[in-house]
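A.B. asks: Kindly return the folded structure for what I paste below:
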Amino acid sequence: QVQLVESGGGLVQAGGSLRLSCAASGRTSSSYYMGWFRQAPGKEREFVAAINRRTGSTAHADSVKGRFTISTDNAKNTVYLQMNSLKPEDTAVYYCAAAGQRWIGIPTNQNNYDYWGQGTQVTVSS
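C.D. replies: Residues are numbered from 1 along each chain as shown. Model prediction:
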C-alpha cells in the first residue's frame, strides 16, 4: 500500500503561482509513476501531469504545458507540481496519484493509477 498526502493548495489571483506537494509513504518503491489530476465542479477528473520516478521523464496536459511543471525528490518520496501563470479555469481539486505497474510511456489515464490522495483545493480568482 502507498499513502499519499497532498498540500500546498489555496486561493491565488490569476497570474499567480502555487506549488503543490505530494508526500508518499508506505511501499513507495512500488510506485513507478506519480501523477497529478484535477477535478473542477461539474466536470470529469482530468490528467494534469505525470512523471516516471526512475527516469525523470514527464508528461503534461496541453492545457498546462509551459505553465505547470511536475518534478520529484525521490529521497523525500515527494512529488511537486509547480503552477505558474494560473488562470481561473485552473480552479479545481488537485489529486496526487501513484501507479504501481510499468507501462509503455507515461500513463495519463486515471485508470492506470492505483493509489490516490484526498486532494487539495486550488482556487484562482479573476
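
A.B. asks: Excluding sequence neighbours, find me the nearest residue to the residue nearest to the spatial centre of the chain.
C.D. replies: For the chain, the residue nearest the mean C-alpha position is residue 36 (1.9 Å; CA atoms, centre = their mean). Nearest residue to residue 36, sequence neighbours excluded (CB to CB, 6 or more residues apart in numbering): residue 48, at 4.3 Å. To be clear about C-beta, it is placed using only N, CA and C from the backbone, and glycine gets the same treatment.

A.B. asks: element containing that neighbour, please.
C.D. replies: In this structure, residue 48 is located in strand 46-52 according to DSSP states H and E.

A.B. asks: Quick one: list the elements packing against that strand.
C.D. replies: Counting contacts by 3 or more CB pairs under 8 Å, 6 or more residues apart in numbering; DSSP states H and E, strand 46-52 packs against strand 33-39, strand 58-60, strand 68-73, strand 78-83.

A.B. asks: Now do that strand against strand 68-73, angle only.
C.D. replies: 40 degrees (axes from the mean of the first three to the mean of the last three CA atoms, to 10 degrees).

A.B. asks: Just the buried residues of strand 46-52, please?
C.D. replies: Neighbour counts over strand 46-52 (16 or more other CB atoms under 10 Å) mark 47-52 as buried.
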